[in-house]
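> no FASTA, just this:
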């Protein structure tokens, strides 16, 4: 096909599409045509509204036996000192101190989320307190060493005094792993204090 013939075919195609566009005479400020509008706007049911799709006729269905919930598990403690003490009595760390993978993950999470304030060794001498923010308590102090894992988990879940809760960024399992790492820092510091 010669170049002139190709240009003529392209011109015809352009004029044809322009003619179709003008022939439809639609309002260009409106959305395009919808061929299956039910898929775009499906009928939504409110939570407590009747629903003919279920045998019992209600939208909100009870969970089936054996169902495994998704998302974060609930923590049945309030953000109070009394509840922190109760958490210390009732909660146990699911990870063993001998679990090297959990300890390594705890060290990684501590470095990323905790060391800015608490410092690399847990002494409360991180970069943030050096810039004028009140320093956090040392994780190597006697009250932190005596704190039970469950109470420490409560603190990592709800925060404590000036410390905001890291729970939105740090998962439940990673909070337990950080506690493992803090315990290893405390053991290391106790070993250095002995003659």
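Received, thanks. None of these values were measured; they are calculated from a predicted model.

> Please count neighbours and contacts with C-alpha atoms only from this point.
Will do.

> what's the neighbour count on residue 166?
Residues near residue 166, counting by other CA atoms under 10 Å, number 16.

> What does the nearest residue to it once chain neighbours are set aside show for phi and psi?
Excluding the flanking residues, the one nearest residue 166 by CA to CA, 6 or more residues apart in numbering is residue 156, at 6.2 Å. Taking degrees, to the nearest 10, you get phi -70, psi -20 for the backbone angles of residue 156.

> List the contacts of residue 156.
Residue 156 is in contact with 165, 166, 167, 175, counting by CA atoms under 8 Å, 6 or more residues apart in numbering.

> Among those, which are located in helices?
Secondary structure from DSSP state H places residue 175 of these in helices.

> now the helices for the chain?
In the chain, the helices defined using DSSP H lie at 3-24, 37-40, 81-90, 100-113, 115-118, 142-146, 149-158, 172-193.

> Output those in TSV; the columns should cover distance to residue 54 and mean pLDDT.
Listed next are those as TSV, based on distance: least, CA to CA, whole Å; pLDDT from 0 to 100:
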stretch	distance to residue 54	mean pLDDT
helix 3-24	44	85
helix 37-40	20	68
helix 81-90	41	94
helix 100-113	45	95
helix 115-118	53	92
helix 142-146	54	92
helix 149-158	39	94
helix 172-193	36	90
